[in-house]
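**Student:** Need coordinates for the below:
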Amino acid sequence: MIPENTTAFLKRIMVSSFDQNKKKMKFLPKTVNSCCFCFDLKYGFLTWAIITVVLQLTAIFALLYIDYLPIEQSEILDELKCMLPLIGYIIAYGVLIVIAVIGIIQERSILIYPCLVIMTMDCILATIMYTTLAIAVSWMYFVIFVSGSPAVIYVFICILSLYKQIKRSEENNPQSKNNGMNLV
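**Tutor:** Next up is the predicted model:
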């Protein structure tokens, strides 16, 4: 048997830790209702996805056909050839964006979630990479990081808001749960 004092103590600890978790939740990014203050979140994400996939396809073709580029300096050509393993990452990220687009169109939050996870990991790796390059190579990498980070963070907040919006609509629509549309 647990003494009455211990039970009350444990309840107090659990309630206080729950209150602390509520306070921590305030630091999560707030949601937005529109993308760039004029687009619907859905169309803003679709626009971003199309632009990103086109840029990724351009990067893949540039890396694949690197030997045909008019570069006369062999050092630069060697440095560019070292970037060939990035093709796998670019293709995987592009596939996740396409899966997220399918999730947006079908309004299934489970298909958007992997894109959010990869975007988070990508932000962490970019922070580490740009900080290392700023320390080791040039301070210009820090300037590039600081100037590009707000856009990446805003895109992440928009996608997170869209994910939450679709998740709420799935929870409020019991018919989608019955039809097996919600895989969670």
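**Student:** Go ahead and confirm Ile39 touches Trp48.
**Tutor:** No, residue 39 isn't Ile; it's Phe. No. Phe39 lies out of contact with Trp48 (CB atoms under 8 Å); the separation is 9.7 Å. Every residue, glycine included, has its C-beta placed from N, CA and C.
**Student:** what are the phi and psi values for Phe39?
**Tutor:** The phi/psi pair for Phe39 (degrees, to the nearest 10) reads phi -90, psi 150.
**Student:** I'd like to know how many residues surround it.
**Tutor:** Residues near Phe39, counting by other CB atoms under 10 Å, number 15.
**Student:** Identify the bridge partners of it.
**Tutor:** Here Phe39 sits in beta bridges with Cys35, going by DSSP bridges.
**Student:** Give me the helices and strands touching the strand or helix carrying Glu79, please.
**Tutor:** According to DSSP states H and E, Glu79 maps onto helix 74-81. Packing partners of helix 74-81 (3 or more CB pairs under 8 Å, 6 or more residues apart in numbering; DSSP states H and E): none among the helices and strands.
**Student:** avg pLDDT for that helix?
**Tutor:** For helix 74-81, mean pLDDT is 72.
**Student:** Can you tell me the closest non-neighbouring residue to Cys123?
**Tutor:** Nearest in space to Cys123, with sequence neighbours left out and distances taken as CB to CB, 6 or more residues apart in numbering, is Val152 at 6.3 Å.
**Student:** Done for today, thanks.
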